[in-house]
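> I'll drop the sequence and a predicted model, then ask my questions.
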Amino acid sequence: MKTDFISIKWKLLGASVLLVTAPTIILGALSYNTYKQGVHENPGYNLGLIIILACLIFIMLGAVAAYVFALFISRPIERLKAISLKAADGNLDVRVDRDILEKNDEIGTLARSFNIMIDNLRKNFVDLATSGKRFRDVAENAREWIWEVDEEGRFTYSNSMALEILGYSPGEILGTHFYDLFHPDDRKSFTEQFMAKFKEIQSLRDFVSRHVHKDGRAVWISTSCVACVGPRGEFTGFRGVNADITQRKEAEETLRESERKYRELYEGSRDGYAAVNMNGDILEFNSAYREMLGYTEDELKDMRYKDLTPEAWSESESSIIREQVIPRGYSDIYEKECRRKDGTIFPVELRTYLVRDKEGNPARMWAFIRDITERKKAEASLREAYERLRRTQEELIQAEKMNAIGQLASGVAHEVKNPLGVVLQGINFLESRKKNAGGKELKRIISAIKENIIRADNIIRALVDFSRATELQIGLHDMRDILGNALHLIQHKLKAEDIRVVKDFEEDLPMVRVDRMKMEQVFVNLFLNAVQAMAGGGVLTLNTYSTKIKVGRNRVGRRKSDFFAIGEKVVIVEVIDNGSGIKKEYLGRIFDPFFTTKEPGSGTGLGLSVTSNIVDMHRGLIEVDSEEGKGTKVRITLKAAR
């Protein structure tokens, strides 16, 4: 390059001399020929000599002019050469001098073009440097692994994220082949897929592969890359980005497992499942729902849930959706009827749930639907059985009443006989003294007759009321009155056995809600048992008081099935005797039907069973404490009326 620039002025000089001397030589040759011809014809002829001399002078002048012209042309070119060499050495601040730029010839044009080229090179260099810095900044601060590989697939660049994602530093990565990092189980298939892209020089987007971390654990990576080409368009490798998607893959696997379990639940459920949009169009359902209704899958997809619901249920279900599902997102469990394909109607039970879209608007509803046909049949059978049991129970209660009446019969007869005897004596007295009886004496006798008739009437009424078979009739009553009525019925028994009654009744005892007649039966049974246990005399103690339950026990607590809650106010009645007591081994069986320790013919064994049953009907508690030879305490607990 240097030799070419140095020799250019000599080339210009030689060209100028040639341009001047060539015609001169031709002219000289012609003059010499003329000269020879003139001498031959005329020896004194000198014109040719003069021409030769003139040509020599012209050659000398042309050479000088050519040299000067060569210097004028080559000097700007040599200056352009020097500037070009500096630019080639990386100095892009050089510029062609103004005097050359101002030339209007080809050299001036060349100089201006040169300056423009230098400016463009400088701009491109700055842009390239900025772009390179930007790439490095982005690459080194990215949260993805950015890399480059050559045409053989070996890493030529890696940012620091390789350390965080795979545990390898960039220095460890460089020079290794990309497939060296694939998981051994996937290496063959992934390498084949990747190399196919290499051969076709195709870009990749979101290519998911499993790699191995330096510590041996699996890492899932999503790869996107583009082909790189050189300045002449040749393929030089790939540049790409790898993102760690291990957490996403684990989440996807968890989701798939959840979906699998959901699908198993969805399809394995014996209950029908269906989802509808807000217009009622059926969107999805499981096989149990389809089999429940008898339709094919294609038929159900073209139906609405209202097509499967008898008209009688339409308004009530719409009300449930409007008042429960939409405001709070779900309904209470409710029952309705559905219509099968064959037209049969059957009962179902369901709870409907609401699904909202991203904006919070109602989008769809779903429910599990249970066919309760068999349950309804069982409930009907249970109701029939319950009714039979109730009737049997009433019969047993009535039978026990009759048994109690039988035990009371002699005492009642005595109680009725005494007032009737007084009435009869009064009548006889009046008949014998009807003429001589004074006013005061007559008045006293009539008053006695009236009193005893009322007494007899009360005894008979109480006996009739006690023996009457009645349904449960709950009313507000004072337990002290009920105890008094029961004592009145067994008064003769108490006198006959020389049993003293001790009462300790709370003065402001709260009222209770009970069936008066049935509760009287309870206490008559308990009093009769006490009398039998105290044959030969004793003390019957009756206590009534109110309290709040403080300790949980059987049927007392926080469960829905419990009769009483902790802290609830109750009325307690205690019946205590100092009789023979009950053996410890019998205490667990005293409420069993037909269990008795009495002599044959002295009881049915239903007394305490019926008593316990009546207390249960009032959601009360009956508890027995007894010690053989010392006596028995029966405690009955009932809710205090509010």
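Now that the structure is in, tell me what you want to look at.
> where's residue 572, which helix or strand?
Using DSSP states H and E, residue 572 maps to strand 569-577.
> Give me the next element, helix or strand, following that strand.
Counting by DSSP H and E, the next helix or strand C-terminal to strand 569-577 is helix 607-617.
> avg pLDDT for the strand holding residue 572?
The pLDDT scores in strand 569-577 average 94.
> Show residues contacting it.
Here strand 569-577 makes contact (CB atoms under 8 Å, 6 or more residues apart in numbering) with 479, 483, 509-510, 512, 523, 526-527, 530, 533-534, 538-549, 564, 631-640. From N, CA and C alone the C-beta is placed, and that goes for glycine too.
> Those in helices, which ones?
Among the contacts of strand 569-577, the members falling in helices (DSSP state H) are 479, 483, 523, 526, 527, 530, 533.
> So which of those residues wins on neighbours?
The most crowded member of the ones in helices among the contacts of strand 569-577, judged by other CB atoms under 10 Å, is residue 530 (26 neighbours).
> which one is that residue nearest to, not counting chain neighbours?
Excluding the flanking residues, the one nearest residue 530 by CB to CB, 6 or more residues apart in numbering is residue 577, at 3.9 Å.
> what is that neighbour paired to in the beta sheet?
Residue 577 has these beta-bridge partners by DSSP bridges: residue 540, residue 632.
> 658 is where my numbering starts, stick with that
Okay, using 658 as the starting number, the last item reads as residue 1234.
> Where do the strands of the stretch 758-907 of the chain begin and end?
Assigned by DSSP state E, counting those that start in this stretch, the strands in the stretch 758-907 of the chain fall at 802-807, 812-815, 861-869, 875-886, 892-901.
> tilt between the last one and strand 875-886?
Right, strand 892-901. 150 degrees (axes from the mean of the first three to the mean of the last three CA atoms, to 10 degrees).
> Report the mean confidence score over strand 892-901.
Here the average pLDDT along strand 892-901 is 88.
> Please name every helix or strand in contact with that strand.
Applying 3 or more CB pairs under 8 Å, 6 or more residues apart in numbering; DSSP states H and E, one finds that strand 892-901 contacts strand 802-807, strand 875-886.
> try the first one
Here strand 802-807 touches strand 812-815, helix 818-823, strand 892-901, going by 3+ CB pairs under 8 Å, 6+ apart.
> Rebuild the ones you listed as CSV, extending it with distance to residue 966 and mean neighbour count.
Shown next, in CSV, are the helices and strands packed on strand 802-807 (distance: least, CB to CB, whole Å; neighbours: other CB atoms under 10 Å):
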stretch, distance to residue 966, mean neighbour count
strand 812-815, 65, 19
helix 818-823, 57, 19
strand 892-901, 51, 19
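> I'd like those laid out as a markdown table, including distance to residue 958.
Converted to a markdown table, these look like this (distance: least, CB to CB, whole Å):
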| stretch | distance to residue 958 |
| --- | --- |
| strand 812-815 | 54 |
| helix 818-823 | 46 |
| strand 892-901 | 40 |
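> can you redo the strands of the stretch 758-907 of the chain as JSON lines with distance to residue 975?
Listed next are the strands of the stretch 758-907 of the chain as JSON lines, based on distance: least, CB to CB, whole Å:
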{"stretch": "strand 802-807", "distance to residue 975": "58"}
{"stretch": "strand 812-815", "distance to residue 975": "65"}
{"stretch": "strand 861-869", "distance to residue 975": "48"}
{"stretch": "strand 875-886", "distance to residue 975": "49"}
{"stretch": "strand 892-901", "distance to residue 975": "50"}
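> Would you write a ChimeraX line that selects the buried entries of the contacts of strand 1226-1234?
In ChimeraX syntax, the buried subset of the contacts of strand 1226-1234 is picked out as below (16 or more other CB atoms under 10 Å):
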select :1136,1140,1166,1167,1169,1180,1183,1184,1187,1190,1191,1195,1197,1198,1199,1200,1201,1206,1221,1288,1289,1291,1293,1294,1295,1296,1297
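> pLDDT below threshold where in the stretch 1108-1257 of the chain?
Along the stretch 1108-1257 of the chain, the parts satisfying pLDDT under 70 run over 1108-1128, 1215, 1217, 1250-1257.
> go again using 90 as the cut-off
1108-1131, 1142-1143, 1145-1154, 1172-1179, 1181-1182, 1185-1186, 1188-1190, 1192-1194, 1206-1225, 1237-1257 (pLDDT under 90).
> Surely residue 1201 touches residue 1165?
No: using CB atoms under 8 Å, residue 1201 and residue 1165 do not qualify as a contacting pair, with a distance of 11.0 Å.
> one step back: the residue nearest to residue 1187 and residue 840, how far apart?
87 Å (CB to CB, to the nearest Å).
> Between the two, which is the more surrounded one?
Legend: neighbour count by other CB under 10 Å for residue 1234 and residue 840, higher for residue 1234 (25 against 15).
> what's the distance between that one and residue 1183?
9 Å.
> OK, contacts around residue 924?
Per CB under 8 Å, 6+ apart, neighbours of residue 924: 943, 944, 945.
> Confirm residue 1003 sits in a strand?
Yes: remark: residue 1003 belongs to a strand, assigned using DSSP: H, G, I helix; E, B strand; the rest coil.
> Any chance of the backbone angles for the residue lying closest to it once chain neighbours are set aside?
In space, and not counting its chain neighbours, residue 1003 is closest to residue 1030: 5.0 Å by CB to CB, 6+ apart. Phi and psi for residue 1030, reported as degrees, to the nearest 10, are phi -60, psi -50.
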